[in-house]
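Visitor: generate a structure from the sequence data that follows.
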Amino acid sequence: MLKKVFGSAVFGVDATTITVEVNVDSGIGYHLVGLPDNAIKESNYRIAAALQNNGYKIPGKKIIINMSPADLRKEGSAYDLTLALGILAATKQIPAEGLDHYIIMGELSLDGTLQPIKGALPIALKAREEGFKGFILPAQNAKEAAIVNDLEVFGVESIKEVIDFFKEGKPLEQTIINTREEFYKSLDFPEFDFADVKGQESIKRCMEIAAAGGHNIILIGPPGSGKTMLAKRLPSILPPMTLQEALETTKIHSVVGRVKAHLGLMSQRPFRSPHHTISNVALVGGGSYPQPGEISLSHNGVLFLDELPEFKRDVLEVMRQPLEDREVTISRAKFTVTYPSSFMLVASMNPSPSGYFNDPNAPATSSAAEMQRYLGKISGPLLDRIDIHIEVTPVPFEKLSEDRKGESSVVIRERVTKARAHQTERFQSIENVHYNAQMNTKHIRKYCKLDDASKALLKTAMERLNLSARAYDRILKVARTIADLESSEAVKGAHISEAIQYRSLDRDGWLG
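Guide: Numbering: from 1, shown residues only. Prediction:
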């Protein structure tokens, strides 16, 4: 007897519906076809034990299971529940009516309880798109899948609940979430707040500019000067995510199983901080069965690379294309997947191997040759994609011991959001440009026009500080953002003057 049950496979950040065909005939044997991986091939042991422990069994007949489309590689243990229900329906242990109205996914434990799966959100989106009535999955993933409207989502604890639902009509509890209410509920409660930062007013100002224009930034300073503390607070002043951005971000985290069971929809911008020993595949994504890397997990958020020169050079170089294109394409012989990667890069570094530079009171110093070799680990093309370089100095005791709290992230975010609104209006007719950091040379010439006095100031600065050619466009972009923060239509001399300060690594004597 032939029966069909439906599951789903995730490729990239999108799902594909998988039809599980179970045919039971006279004879003996269990045959699973359709390019399953080892985890799926081993599923018959889990299924047999789970059914046995719940009063059912796999009969001693010839069972052939085909996972269609048969030329598509399937992986993971999430098909256990799909296969088990297909076997029960094909052997008439449960009625088959209604099975084809649902996408059914879940990993089985030996006692029949269900373990969480990966990719619940993209699977739910595909189920709604293809007109399925509902989605039955482990309870731990129910909130995540329930983000999708117009689809009945049932989170279950064990296979017994699902069997009783189809066999005896016992209702399953539907998970219902008001997506908009969940999304807006936690927008204004950042985990880290700039109010906790003592001193560093100039660096806070610099971070505000970076957030307002979406500029990549590098912080240069000795150990203990607060670089990591400042970087962790950057997401708290970025404009709140739109509902569309939240769905995109949750989708990526869902694919790798990183969405927390109690959250459902991610409303806070992600902050990723990989260790400097990371491989290039772990950073950009890939593998035999491609998975998103750290740069995709930081989509719509912040990627923080602490101690930038300590990262392997080839790891840093693979970031150049994603920084430019804001997406990563991973190609294999039989398929290609694309992951979005629109993130803000925040990097930090010591100014020298010892951590101190031109400091007569430093406990250790580095020679000019050692410094040059250390800084030379960062390539010019990568620095070319970082708009702001700022030096961070240690906070004096007087500032550290102050009781007065600094400006809160919520107040700074209001100014940033207002500046972004100016940019959204400015670039509304230009595709793929939403904020100043995304401007190309043509846009810079159009939107960053200078008067004669500002041109003279910029020319003098470039000659006197021996700034590189790459610094010119970056200064204009940052100056445009500073002007937006002041709601100024024109880029003025004061804006140029401030922007020039944020190109430390281009000055003569740093990288030569």
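
Visitor: can you give me the strands in the stretch 201-350 of the chain?
Guide: Secondary structure of the stretch 201-350 of the chain by DSSP state E, counting those that start in this stretch: the strands cover 217-220, 271-272, 285-286, 291-292, 302-305, 327-331, 336-340, 344-349.

Visitor: among those, which comes closest to residue 58?
Guide: Taking Cβ to Cβ as the measure, these were each checked against residue 58, and strand 291-292 came out nearest at 32.2 Å. For every residue, glycine as well, the C-beta is placed using N, CA and C.

Visitor: name the helices or strands packed onto the closest one?
Guide: Secondary-structure packing of strand 291-292 (3 or more Cβ pairs under 8 Å, 6 or more residues apart in numbering; DSSP states H and E): helix 243-255.

Visitor: what angle do the helix it packs on and strand 336-340 make?
Guide: For the pair helix 243-255 and strand 336-340, the angle between their directions (axes from the mean of the first three to the mean of the last three Cα atoms, to 10 degrees) equals 130 degrees.

Visitor: buried residues in helix 243-255?
Guide: Going by neighbour count (16 or more other Cβ atoms under 10 Å), the buried part of helix 243-255 is 245-255.

Visitor: do the same with stretch 436-456
Guide: Using 16+ other Cβ under 10 Å as the test for burial, stretch 436-456 gives 436-439, 443-444, 447-448, 450, 454.

Visitor: in TSV, list these along with distance to residue 229 and secondary structure.
Guide: Written out in TSV, the entries for these read as follows (distance: Cβ to Cβ, whole Å; DSSP: H, G, I helix; E, B strand; the rest coil):
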residue	distance to residue 229	secondary structure
436	26	helix
437	23	helix
438	28	helix
439	30	coil
443	34	helix
444	33	helix
447	34	helix
448	32	coil
450	36	coil
454	35	helix
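
Visitor: spatially, which two of those are the most separated?
Guide: Taking every pair in the buried residues of stretch 436-456 and measuring Cβ to Cβ, the maximum separation is 22.8 Å, between 438 and 454.

Visitor: now render the strands of the stretch 201-350 of the chain as a markdown table, adding mean pLDDT and mean neighbour count.
Guide: Listed next are the strands of the stretch 201-350 of the chain as a markdown table, based on pLDDT from 0 to 100; neighbours: other Cβ atoms under 10 Å:
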| stretch | mean pLDDT | mean neighbour count |
| --- | --- | --- |
| strand 217-220 | 92 | 24 |
| strand 271-272 | 94 | 20 |
| strand 285-286 | 87 | 24 |
| strand 291-292 | 90 | 23 |
| strand 302-305 | 96 | 25 |
| strand 327-331 | 88 | 17 |
| strand 336-340 | 89 | 19 |
| strand 344-349 | 94 | 24 |
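
Visitor: gap between stretch 490-499 and the chain center?
Guide: Per Cα atoms, centre = their mean, to the nearest Å, the displacement of stretch 490-499 from the mean C-alpha position of its chain is 34 Å.

Visitor: next: stretch 305-316.
Guide: For stretch 305-316, the distance from its own C-alpha centre to the chain's C-alpha centre is 19 Å (Cα atoms, centre = their mean).

Visitor: for stretch 290-299, same thing?
Guide: Taking Cα atoms, centre = their mean, the mean C-alpha location of stretch 290-299 is offset from the chain mean by 6 Å.

Visitor: how near is residue 504 to residue 465?
Guide: Counting by Cβ to Cβ, to the nearest Å, the gap from residue 504 to residue 465 is 10 Å.

Visitor: oh, I was asking about residue 325
Guide: Distance, residue 325 to residue 465, by Cβ to Cβ: 31 Å.

Visitor: more neighbours, the two?
Guide: In terms of neighbours (other Cβ atoms under 10 Å), residue 465 is the more surrounded of residue 325 and residue 465; the figures are 16 against 13.

Visitor: next, the buried residues of stretch 99-106.
Guide: With burial defined by 16+ other Cβ under 10 Å, the residues of stretch 99-106 counted as buried are 99, 102-106.

Visitor: do the same with stretch 226-233
Guide: Residues of stretch 226-233 classed as buried under the neighbour-count rule (16+ other Cβ under 10 Å) are 226-228, 230-233.

Visitor: now tell me what touches that stretch from outside.
Guide: Counting contacts by Cβ atoms under 8 Å, 6 or more residues apart in numbering, the residues outside stretch 226-233 that touch it are 190, 192-194, 196-197, 200, 203-204, 207, 219, 221, 271, 273, 302, 304, 306, 346, 348, 392, 394-395, 409.

Visitor: just the ones in helices from those, please.
Guide: 203-204, 207, 409 (DSSP state H).

Visitor: so which of the residues you listed comes closest to residue 54?
Guide: Checking the ones in helices among the contacts of stretch 226-233 against residue 54 by Cβ to Cβ gives residue 409 as the nearest, at 50.9 Å.

Visitor: quick one: low-confidence parts of the chain?
Guide: For the chain, applying pLDDT under 70 flags the ranges 182-190, 261-262, 354-366, 368, 397, 400-401, 506-512.

Visitor: what's the neighbour count on the closest residue to residue 71 other than its chain neighbours?
Guide: Nearest in space to residue 71, with sequence neighbours left out and distances taken as Cβ to Cβ, 6 or more residues apart in numbering, is residue 35 at 6.8 Å. A count of nearby residues for residue 35, using other Cβ under 10 Å, gives 13.

Visitor: list the contacts of residue 35.
Guide: Counting by Cβ under 8 Å, 6+ apart, residue 35 touches 67, 70-74.

Visitor: filter these to the buried ones?
Guide: For those, a burial check counting by 16+ other Cβ under 10 Å picks out 67, 73-74.

Visitor: report the contact partners of residue 347.
Guide: When the contact criterion is Cβ under 8 Å, 6+ apart, the partners of residue 347 are 216-219, 304-306, 308, 386.

Visitor: ditto for residue 3
Guide: Residues 21-22, 86, 89-90, 96, 99 are the ones in contact with residue 3 under the rule Cβ under 8 Å, 6+ apart.

Visitor: change it to 6 Å
Guide: With contacts taken as Cβ atoms under 6 Å, 6 or more residues apart in numbering, residue 3 has the following neighbours: 22, 86, 89-90, 96.

Visitor: and residue 196, by the same measure?
Guide: Residues in contact with residue 196 (Cβ under 6 Å, 6+ apart): none are found.

Visitor: what's the answer for residue 8, then?
Guide: By Cβ under 6 Å, 6+ apart, the neighbours of residue 8 are 15, 17-18, 103, 123.

Visitor: which of these sit farthest apart?
Guide: Longest span within these, Cβ to Cβ: 18 and 123, 10.1 Å.

Visitor: so these two - more neighbours on which side?
Guide: Neighbour totals were compared for residue 18 and residue 123, and residue 123 leads with 30 against 20 (other Cβ under 10 Å).

Visitor: can you redo the contacts of residue 347 as a markdown table with distance to residue 399?
Guide: Written out in a markdown table, the entries for these read as follows (distance: Cβ to Cβ, whole Å):
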| residue | distance to residue 399 |
| --- | --- |
| 216 | 28 |
| 217 | 22 |
| 218 | 23 |
| 219 | 18 |
| 304 | 24 |
| 305 | 27 |
| 306 | 23 |
| 308 | 26 |
| 386 | 28 |
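
Visitor: quick one: the strands in the stretch 1-150 of the chain, in order.
Guide: 2-11, 14-25, 29-33, 62-68, 102-104, 107-108, 114-115, 134-138.

Visitor: these: which one's closest to residue 404?
Guide: Closest approach to residue 404 among the strands of the stretch 1-150 of the chain (Cβ to Cβ): strand 134-138, 49.4 Å.

Visitor: please name the strands paired to that closest one in the sheet, noting orientation.
Guide: Here the strand partners of strand 134-138, with direction, are listed using DSSP bridges: strand 102-104 (parallel), strand 152-156 (parallel).
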